[in-house]
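Student: Structure here, sequence nowhere to be found:
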């Protein structure tokens, strides 16, 4: 996705609100025609290294007035491409080590013998000297080969760039609120997949209001990683009817509002194929542990994906799984990634107030924010901690204790 450097020149403040200057087609159609030319250029460069594609796009700056805008468009276009490591890239560390050993053995260098270390490394590895040159940095990102250029034209690239521009603004969001008239299943799935801190409220019949904690919140310990996940929610939102987002953007000590809705000139990405069976590696690990560790009988329990929100103290929760026993008992399981002690305490308090003692929170301690996280106790409710991956055994122990007839 785009960085702040790509976005900053195209934002401005007006009456406490942040406005984005999206790229718009001109009356003569020159902007769209130029973007279409960029798409064709990239298609002609298939099977070339990423560095070659990036340089070819950079050189197009002589055709534009604002090279900063082109830099963002080129990044959006490159991100839409598919790149693969060149053949033999896995041997790059081995080739470098052999070359550096040869270079050290032949130190100091003799004038005119600059190729001697390459020949010695090639002899050690049993490959031609030309292969040493080719493989030396074949594992670098710039060496990856363009295997498929995106099927974009000028208008599609313009809309995609504007979408990336809108998403990158949210890297500085402290909070974001989502509303829509439908499409909630995909939105909820995106929120769970991103493992964000969230709060959901009902806003009418089959309508909701989702408040997300943003990457610029003061207690987020890894804002860059969290921000990349945070931005993934936007494409799912744009596919919903009547969608809108309202965010608070941090600029130093100041806070600005930022609003985006369906009238924005941004792309509405289509869903690609069937959604994955699980929204995260943690979900997959827990389901696999359940299938492999409990035996065929599994104590009479079954583990099912949960697809509907559960009311909890005026809000809604999105549990990942439902454990169902043949005697009618049920236990809900929610995996919590990013969290703070305050966030967890608030959630547990609402769970208890709603009578959801059968909801089991499985929390990842490694991403907890702040030193106080280590002091968060487990006596406030059914919370199970894990470091590397969640285990099914402690979950089942709690389920046997808190499961209730639905």
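Tutor: All right, it came through fine. The structure presented is a predicted model; accordingly, all values stated were derived computationally and were not measured. Numbering: from 1, shown residues only.

Student: Spell out which residues make up each domain of the protein.
Tutor: 4-83+150-261, 89-143, 281-405 (automatic domain parsing).

Student: Please report the separation between the first and final residues of the first one.
Tutor: Okay, so that is domain 4-83+150-261. 21 Å (C-alpha to C-alpha, to the nearest Å).

Student: residue nearest the centroid of the protein?
Tutor: Against the mean C-alpha coordinate of the chain, by C-alpha atoms, centre = their mean, the closest residue is residue 229 at 3.1 Å.

Student: pLDDT score assigned to the nearest residue to it once chain neighbours are set aside?
Tutor: Leaving aside its sequence neighbours, residue 229 sits nearest to residue 194 (C-beta to C-beta, 6 or more residues apart in numbering; 4.0 Å). C-beta: built from backbone N, CA, C; applies to glycine. Listed pLDDT for residue 194 reads 84.

Student: count of neighbours near residue 194?
Tutor: Neighbourhood size, residue 194 [other C-beta atoms under 10 Å]: 21.

Student: measure it to residue 246 for me?
Tutor: To residue 246, residue 194 is 18 Å away according to C-beta to C-beta, to the nearest Å.

Student: And residue 286, by the same measure?
Tutor: 34 Å.

Student: These two: which is more packed in?
Tutor: residue 286 (24 against 15).

Student: what helix or strand is the more buried one on?
Tutor: helix 281-293 (DSSP states H and E).

Student: Which strands or helices does that helix pack on?
Tutor: strand 301-305, strand 321-325, strand 329-336, strand 359-364, helix 392-402 (3 or more C-beta pairs under 8 Å, 6 or more residues apart in numbering; DSSP states H and E).

Student: Adding distance to residue 21, mean neighbour count and mean pLDDT, write the ones you listed out as JSON lines.
Tutor: Below are the helices and strands packed on helix 281-293 laid out as JSON lines (distance: least, C-beta to C-beta, whole Å; neighbours: other C-beta atoms under 10 Å; pLDDT from 0 to 100):
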{"stretch": "strand 301-305", "distance to residue 21": "42", "mean neighbour count": "16", "mean pLDDT": "87"}
{"stretch": "strand 321-325", "distance to residue 21": "45", "mean neighbour count": "21", "mean pLDDT": "90"}
{"stretch": "strand 329-336", "distance to residue 21": "38", "mean neighbour count": "22", "mean pLDDT": "88"}
{"stretch": "strand 359-364", "distance to residue 21": "39", "mean neighbour count": "23", "mean pLDDT": "87"}
{"stretch": "helix 392-402", "distance to residue 21": "50", "mean neighbour count": "18", "mean pLDDT": "90"}
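
Student: got TSV for those, with distance to residue 101 too?
Tutor: Formatted as TSV, the helices and strands packed on helix 281-293 follow (distance: least, C-beta to C-beta, whole Å):
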stretch	distance to residue 101
strand 301-305	53
strand 321-325	52
strand 329-336	47
strand 359-364	42
helix 392-402	48
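
Student: that older thread, can you lay out the domains of the chain as a markdown table showing distance to residue 269?
Tutor: As requested, the domains of the chain are exported to a markdown table (distance: least, C-beta to C-beta, whole Å):
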| stretch | distance to residue 269 |
| --- | --- |
| domain 4-83+150-261 | 5 |
| domain 89-143 | 24 |
| domain 281-405 | 22 |
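
Student: List the contacts of residue 145.
Tutor: 47, 48, 49, 50, 83, 84, 85, 86 (C-beta atoms under 8 Å, 6 or more residues apart in numbering).

Student: Of these, which belong to strands?
Tutor: 83, 84 (DSSP state E).

Student: Make a PyMOL selection of the buried ones in the contacts of residue 145.
Tutor: A single PyMOL command selects the buried members of these (16 or more other C-beta atoms under 10 Å):
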select buried, resi 49+50+83
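
Student: quick one on the thing from earlier: ok now the helix holding residue 286, how far from the chain's centre?
Tutor: 22 Å (C-alpha atoms, centre = their mean, to the nearest Å).

Student: neighbouring contacts of it?
Tutor: Everything outside helix 281-293 that qualifies as a contact, by C-beta under 8 Å, 6+ apart, is 277-278, 298, 303, 320-321, 333, 335, 337, 362, 364, 389-393, 395.
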